[in-house]
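Engineer: All I have is the shape, not the residue letters:
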């Protein structure tokens with residue numbers, strides 16, 4: 001009986017000391033408080049590797065390289081379907097011409113999913129005076145009648161009937177528009193606004209992004 005008690009104590013001691021060391025976690029996760037937890041970027045139910053997720057990449061519908069930035073989930077306004085969710089934005093190289101600077105911004109959310117083989121991102125143009133290159137506001141040619149972020153589907157940027165990123169507020173259709181402030185090479189602050197066709201601001205959400 002004494003030998004059995006000693007054997008049981010030995011097994012329990014080994015199990016306790018092995019609990020963390022013996023647990024195997026998926027990629028980008030680690031044992032924290034006895035269970036596997038994400039140490040990468042949690043997005044759309046997956047734990048993504050931070051380094052790979054924030055490498056420059058080409059997005060569907062374009063032929064330019066975009067720099068990804070990530071925002072942890074925060075509570076800003078219930079008017080936005082990505083409220084309290086993580087977000088990715090992607091910004092193209094800022095180009096200067098005729099005293100202006102411009103870029104293209106894209107947003108990817110957990111709220112608006114797609115069954116296509118490519119990531120569903122919404123695009124928006126940005127522009128400002130060259131003297132104010134670190135503060136770019138929504139702008140896109142009226143030729144496409146873009147009123148804010150749009151999803152371009154299979155055809156790419158330039159289609160005539162894109163899917164607008166919209167919501168209804170006070171019985172009016174509001175379009176999601178971005179206004180960005182480049183804080184430094186690693187951080188960008190984005191102010192998202194829902195704006196009516198007559199440019200009335202109905203809701204606002206400010207998010208900090210990093211790369």
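Structural biologist: Yep, it's here. The shown structure was predicted, so the numbers you read here are calculated from the model rather than taken from an experiment. Residues are numbered from 1 along each chain as shown.
Engineer: give me every residue that touches the residue nearest the centre of the chain.
Structural biologist: When C-alpha atoms, centre = their mean is applied to the chain, the residue found nearest the centroid is residue 88 (1.4 Å). By C-beta atoms under 8 Å, 6 or more residues apart in numbering, the contact list for residue 88 reads 43, 53, 68-71, 107-108. Bear in mind the C-beta positions are built from the backbone N, C-alpha and C, glycine included.
Engineer: again, 6 Å this time
Structural biologist: Shown in contact with residue 88 (C-beta atoms under 6 Å, 6 or more residues apart in numbering): 68, 70, 108.
Engineer: Just put those in a markdown table and tack on neighbour count and pLDDT.
Structural biologist: What follows is the contacts of residue 88, written out as a markdown table (neighbours: other C-beta atoms under 10 Å; pLDDT from 0 to 100):
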| residue | neighbour count | pLDDT |
| --- | --- | --- |
| 68 | 20 | 96 |
| 70 | 18 | 96 |
| 108 | 19 | 93 |
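Engineer: Looking at these, which is nearest residue 125?
Structural biologist: Of all these, residue 125 sits closest to residue 108, with 17.1 Å by C-beta to C-beta.
Engineer: Just say helix, strand or coil for that closest one.
Structural biologist: Secondary structure for residue 108, judged by DSSP: H, G, I helix; E, B strand; the rest coil, is strand.
Engineer: just residue 131 next, same as before
Structural biologist: helix.
Engineer: What's the local residue count around it?
Structural biologist: Other residues near residue 131 come to 8 when the count uses other C-beta atoms under 10 Å.
Engineer: Listing partners with orientation, what would you give for the helix or strand harbouring the residue nearest to the centre of the chain?
Structural biologist: In the assignment (DSSP states H and E), residue 88 maps to strand 87-92. Strand 87-92 has its sheet partners listed here by DSSP bridges as strand 65-71 (antiparallel), strand 100-109 (antiparallel).
Engineer: Now residue 204. Nearest residue, chain neighbours left out?
Structural biologist: residue 193 (5.1 Å; C-beta to C-beta, 6 or more residues apart in numbering).
Engineer: Tell me where the chain has helices.
Structural biologist: 2-18, 50-53 (DSSP state H).
Engineer: between these, which gets the lowest average pLDDT?
Structural biologist: Sorting those by mean pLDDT places helix 2-18 lowest, at a mean of 49.
Engineer: before we move on, back to that, what distance do you get for the closest residue to the residue nearest to the centre of the chain other than its chain neighbours to residue 184?
Structural biologist: Among residues not flanking residue 88 along the chain, residue 108 sits closest, at 4.4 Å (C-beta to C-beta, 6+ apart). Distance of residue 108 to residue 184, computed by C-beta to C-beta, to the nearest Å: 23 Å.
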